[in-house]
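K.L.:
Model the following, please.
(one chain, ligands or ions: 2)
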Amino acid sequence: MSLALGCVADDYTGASDLANTLTKAGLRTIQTIGVPEEGRALPEADAVVVALKSRSIPADQAVARSREAEAWLRARGAAHVMFKVCSTFDSTDAGNIGPVMDALRAEAGAAIALVTPAFPETGRSVYQGNLFVGSVPLNESPLKDHPLNPMRDANLVRVLGRQSASPVGLVDTATVARGAEAVAARLQALAAEGKGAAIADAIFDSDLETLGRAIIGEKFSVGASGLGLGLARALVADGRGTQDAAGAAVGEPVGGAAACLAGSCSQATLQQVAAAEKIMPVMRLDPARLLAGADVVAEALAFAAERLAAGPVLIASSAPPEAVRALQAEHGVDAAGHAIEAALAAIAEGLVARGVRRLVVAGGETSGSVVDRLGLTAFLLGPEIAAGVPVLRTAGRPEPMLLALKSGNFGGPDFFGRALDMMA
Ligand SMILES: Nc1ncnc2c1ncn2[C@@H]1O[C@H](COP(=O)(O)OP(=O)(O)O)[C@@H](O)[C@H]1O
Ligand SMILES: O=C(O)[C@@H](O)C(=O)COP(=O)(O)O
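P.N.:
Residues are numbered from 1 along each chain as shown. Ligands and ions are numbered 1, 2, ... in the order given. As a prediction, this is how the structure comes out:
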């Protein structure tokens, strides 16, 4: 297979979001979990998104895994590799966006990387380098309370500047409005000034199309699904896509029982869990008891086992910011997060052992832990449930499963019911 586009994603929900966008734009896309092992056959594709769980790990490990993924994609013909980061730029001053970007840009031999997390379909726009979530700057959005990477600065030139070894510039909205050649010229000028990266403003999909045309001939970029859209449209315009890519892998119904797990504490997920209580049994995990050593995994599985034959259940650790802060103050951010992720992963494994074949997971890190524990290696893309969230069908598993891996922030209040309705 010779790829039109290669992507390295820093988490699994982000990877499925990007794979969904590329598929809708006309590229046949596969999502792999990590770098596929030598000799593993993959279906023919225009684009591969290698999903890593590298957003919240030490920067040196994130760099090593990302370089390995990039090398694998280049070896399969990808002339352009995009590093997929979160549309809310989830990161800390220690990384991992800056260190990974620096390493992949050096690997590509590029002087400067264009960077934009804009994703207008989900309300993420960038103006004068400032990221907006809907109508408010990033630092006033619910992301200011994220359990792992609270985002307290909306100015991405500053945010990325604190993470990268090189200075960061701006391709502003006036330049983008002048078109792809103006963007390319601005990038060249910034590189000549010694900038290693440039945040690009983008408010509408048309801006992302301009950016895509400006950089498709370059080897490397950093962005969220919006930039993926711009790159995919540039490739399709150049005859690199496939007419029938969209909606592809629905396949035969997989049957089996269905369940939902939520480890995201985002405002959107909290609303979705509350709404789910009206349509299915919901068990709320008590993280304090989990951290005190209680066997909440066994309790959750007993709860599910009694009810699964009658219909789907939801098991959630999701809690509002005050409760998250209190737990973290007592146990530490990493210990609390990891213990809850591990418990939800163990519950997922137990659910599959009890016949669950359709699984909805809310939360990026949570989805990473669940997918790793289930040993899933690749996904084919099915229809879109909500912006940025497709139905995924496992590839390479003797008995297929359907999954939906939801970014904490995505989806409307009825997300869980809607997802289950689309996963037969
Ligand atoms: N009640 C809770 N208290 C503290 N941390 C929690 C709680 N529930 C879940 N977490 C942790 O919060 C983090 C949520 O991250 P993630 O799953 O990526 O969600 P999102 O997609 O919203 O970013 C995970 O590490 C998860 O284990
Ligand atoms: O770009 C996005 O917003 C998503 O694709 C994404 O990366 C989500 O991350 P989580 O909210 O941690 O799931």
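K.L.:
quick one: contacts for the residue in the stretch 51-200 of the chain that ligand 1 sits nearest to?
P.N.:
Nearest residue of the stretch 51-200 of the chain to ligand 1 (Cβ to the nearest ligand atom) works out as Pro147 at 3.7 Å. Backbone N, C-alpha and C define where each C-beta goes, glycine included. Shown in contact with Pro147 (Cβ atoms under 8 Å, 6 or more residues apart in numbering): 265, 324, 328, 333, 336-337.
K.L.:
all strands in the stretch 251-400 of the chain, in order from the N-terminus.
P.N.:
For the stretch 251-400 of the chain, the strands defined by DSSP state E, counting those that start in this stretch cover 257-262, 282-284, 313-316, 356-362, 378-386, 389-395.
K.L.:
Now Ala71: closest residue in space that isn't a chain neighbour?
P.N.:
Closest residue to Ala71 apart from its sequence neighbours, by Cβ to Cβ, 6 or more residues apart in numbering: Glu107 at 7.8 Å.
K.L.:
my guess is that neighbour meets Leu73, correct?
P.N.:
No: taking contacts as Cβ atoms under 8 Å, Glu107 lies outside contact range of Leu73: 11.1 Å.
K.L.:
These two: who's more crowded?
P.N.:
Leu73 (25 against 16; other Cβ atoms under 10 Å).
K.L.:
Quick check: phi and psi on that one?
P.N.:
Main-chain torsions, Leu73, degrees, to the nearest 10: phi -70, psi -40.
K.L.:
Identify the residues contacting it.
P.N.:
3, 6-8, 48, 50, 81.
K.L.:
ok, now with 7 Å
P.N.:
3, 6, 48, 50, 81 (Cβ atoms under 7 Å, 6 or more residues apart in numbering).
K.L.:
With Val35 instead?
P.N.:
Going by Cβ under 7 Å, 6+ apart, Val35 touches 50, 68-69, 72.
K.L.:
The closest residue to Pro321 other than its chain neighbours: neighbouring residues, count only.
P.N.:
In space, and not counting its chain neighbours, Pro321 is closest to Asp145: 4.1 Å by Cβ to Cβ, 6+ apart. Neighbourhood size, Asp145 [other Cβ under 10 Å]: 17.
K.L.:
gap between Asp145 and ligand 2?
P.N.:
From Asp145 across to ligand 2, the span is 13 Å (Cβ to the nearest ligand atom, to the nearest Å).
K.L.:
Could I get the phi/psi values of Glu140?
P.N.:
phi -110, psi 0.
K.L.:
tell me the pLDDT at it?
P.N.:
Residue-level confidence at Glu140 comes out at 97, pLDDT.
K.L.:
For it, which non-adjacent residue is spatially closest?
P.N.:
The nearest residue in space to Glu140 (Cβ to Cβ, 6+ apart) is Ala154, at 7.8 Å.
K.L.:
Check what pLDDT the closest residue to ligand 2 within the stretch 251-400 of the chain gets.
P.N.:
The nearest approach of the stretch 251-400 of the chain to ligand 2 comes at Gly364, 2.5 Å away (Cβ to the nearest ligand atom). Gly364 carries a pLDDT value of 94.
K.L.:
and what of Ser317?
P.N.:
Value for Ser317, per-residue pLDDT: 98.
K.L.:
how far off strand 389-395 does the helix or strand Asn20 falls within point, in degrees?
P.N.:
Using DSSP states H and E, Asn20 falls within helix 12-25. Helix 12-25 and strand 389-395 are oriented at 100 degrees to each other (axes from the mean of the first three to the mean of the last three Cα atoms, to 10 degrees).
K.L.:
mind listing which of the contacts of Val35 are in strands?
P.N.:
Judged by DSSP state E, these include Val50 as members of strands.
K.L.:
From Asp295, how far off is Arg354?
P.N.:
16 Å (Cβ to Cβ, to the nearest Å).
K.L.:
So for those two, which sits in the more crowded spot?
P.N.:
Legend: neighbour count by other Cβ under 10 Å for Arg354 and Asp295, higher for Arg354 (15 against 12).
K.L.:
Need the pLDDT of the residue nearest to Ala94 when sequence neighbours are not counted.
P.N.:
Counting by Cβ to Cβ, 6+ apart, Ala59 is the residue found nearest to Ala94 once chain neighbours are left out, at 5.9 Å. You'll see Ala59 listed with a pLDDT of 97.
K.L.:
how deep is Ala59 tucked in, by neighbour count?
P.N.:
Going by other Cβ under 10 Å, the residues that sit close to Ala59 add up to 20.
K.L.:
And Glu44, by the same measure?
P.N.:
8.
K.L.:
again, but for the one 3 residues further on
P.N.:
Taking other Cβ under 10 Å as the neighbour definition, Ala47 ends up with a count of 30.
K.L.:
contacting residues around it?
P.N.:
Ala47 neighbours (Cβ under 7 Å, 6+ apart): 3-5, 7, 22, 27, 29.
K.L.:
hmm, try it at 10 Å
P.N.:
Taking Cβ atoms under 10 Å, 6 or more residues apart in numbering, we find Ala47 in contact with 3-7, 18-19, 22-23, 25, 27-31, 73, 78, 80, 82, 228, 231-232, 235, 240-241, 245.
K.L.:
Now it. Its backbone dihedrals?
P.N.:
phi -140, psi 140.
K.L.:
Around ligand 2, which positions in the stretch 151-300 of the chain sit nearby?
P.N.:
224-225 (Cβ under 6 Å from any ligand atom).
K.L.:
Now the helix or strand hosting the residue nearest to Ala71: average pLDDT?
P.N.:
Using DSSP H and E, Glu107 sits within helix 97-108. For helix 97-108, mean pLDDT is 98.
K.L.:
Likewise for stretch 199-217?
P.N.:
Stretch 199-217 comes out at a mean pLDDT of 98.
K.L.:
Distance across it, terminal residue to terminal residue?
P.N.:
Using Cα to Cα, to the nearest Å, the span of stretch 199-217 from its first residue to its last is 18 Å.
K.L.:
Can you give me the buried ones in it?
P.N.:
Neighbour counts over stretch 199-217 (16 or more other Cβ atoms under 10 Å) mark 199-203, 205, 207-216 as buried.
K.L.:
Of those residues, which pair is most distant in space?
P.N.:
Ile203 and Ile216 (20.5 Å; Cβ to Cβ).
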